[in-house]
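> Turn this into a model:
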Amino acid sequence: MHNSSSGWHGSLQLVYAHDHNGTQLTHAQVQAPLKVQRSFYPEGSAVCHSVVLHTAGGIVGGDRLSQTIHLSPHAHALITTAAASKIYGSKGKSRACPQGQPAKQTIQIQIDQAACLEWLPQETIVFNGAIYQQDLRVELAPGASWLGWEITRFGRSARGERFLQGEWRSHTEVWQQGRPLWIDRQWLPGEEQVLDSPHGLAGKPIVASLAWVGQAVSPEMIEKARLIWATQERQGEAGVTQLMSGLLCRYRGSSTSEVRNWFTEVWQLLRLSFLGRPGCPPRVWQKS
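As a prediction, the model looks like this:
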């Protein structure tokens, strides 16, 4: 639904179910500009791969997008995006909104018993002047697991653009039976001192996080994830920490391919260790 003055109000509802034939996307209800491609099964019927599209090409001020994803018991799905997400500069400035209308996306994920969701969107590019907030909440049943990453580039740095105006917020929460397993609130105002400060971006345009939540991770696994980073010459900065029921990787740097290569190797390590299957990168990644 689109209103030229208030932006897109798009939604996506996906339900995955598992039976003896594997995992299927059994319900998909979409409202433009969000859309989901037909399911892919590059590694057999056990894991359903889905690709989400944003048909309008990017998010602008006033847009309100919501996604609701439900995995039934024992279902296993991998969700990615068809291309990098673009958050354009906010328009529609007024006395009430001197910076322009904010854009918001809300994602609610429910993962039932022994189910697993791999949430692996491609990079998000936040244009100078954008005002954007994303709220993502995951509800895990006992024995369920979630692996998610977020790679964010501030400004079209290839064109020399910097994020000098606007605001970005990302709130992620993972809960299990009323108990918070991981709560992460990030906020970045667009201004030069934050971009250059060592407590901000330290002059780097990209920040990224990968979280695996749902099962305890050994100190040895943490060390392996660190070694994957350390054994190659890298330009950015990275860290790996243990969560209450999982693992967290952080990155700050200048290269999407550098962070994605590292995240992909950590994802493959975790996948083999906890899910007993090798990583199978989605085909759409090769085009980007």
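
> Low-confidence regions, the stretch 1-150 of the chain specifically.
Filtered on pLDDT under 70, the stretch 1-150 of the chain yields the residue ranges 1-6, 91-99.

> Let me see the ranges of the strands in it.
Along the stretch 1-150 of the chain, counting by DSSP state E, counting those that start in this stretch, strands occupy 2-3, 7-19, 22-31, 34-36, 48-54, 64-71, 76-81, 85-87, 103-111, 116-119, 124-126, 131-140, 145-154.

> so which of these gets nearest residue 222?
For those, distance to residue 222 was read as C-beta to C-beta. The smallest value, 15.2 Å, belongs to strand 145-154. Just so you know, the C-beta spots here come from the backbone N, C-alpha and C atoms, and that holds for glycine as well.

> That closest one pairs with which strands, and in what direction?
With DSSP bridges as the test, strand 145-154 is paired with strand 116-119 (parallel), strand 124-126 (parallel), strand 206-213 (antiparallel).

> mind listing the strands for the stretch 151-288 of the chain?
Using DSSP E, counting those that start in this stretch, the strands found in the stretch 151-288 of the chain span residues 167-176, 179-189, 206-213, 237-243, 246-253.

> Packed most tightly, which of these would that be?
Highest mean neighbour count of those: strand 206-213, a mean of 23 (counted as mean count of other C-beta atoms under 10 Å).

> Contacts made by it with the rest, please.
By C-beta atoms under 8 Å, 6 or more residues apart in numbering, the residues outside strand 206-213 that reach it are 138, 140, 145-154, 172, 174, 181-182, 184, 186, 188, 201, 236, 243, 245-256, 259, 263, 266-267, 270, 274.

> same check, this time on stretch 243-254
By C-beta under 8 Å, 6+ apart, the residues outside stretch 243-254 that reach it are 151, 157, 176, 181-182, 201-202, 204-217, 221-222, 225, 234-242, 259, 262-263, 266, 270.
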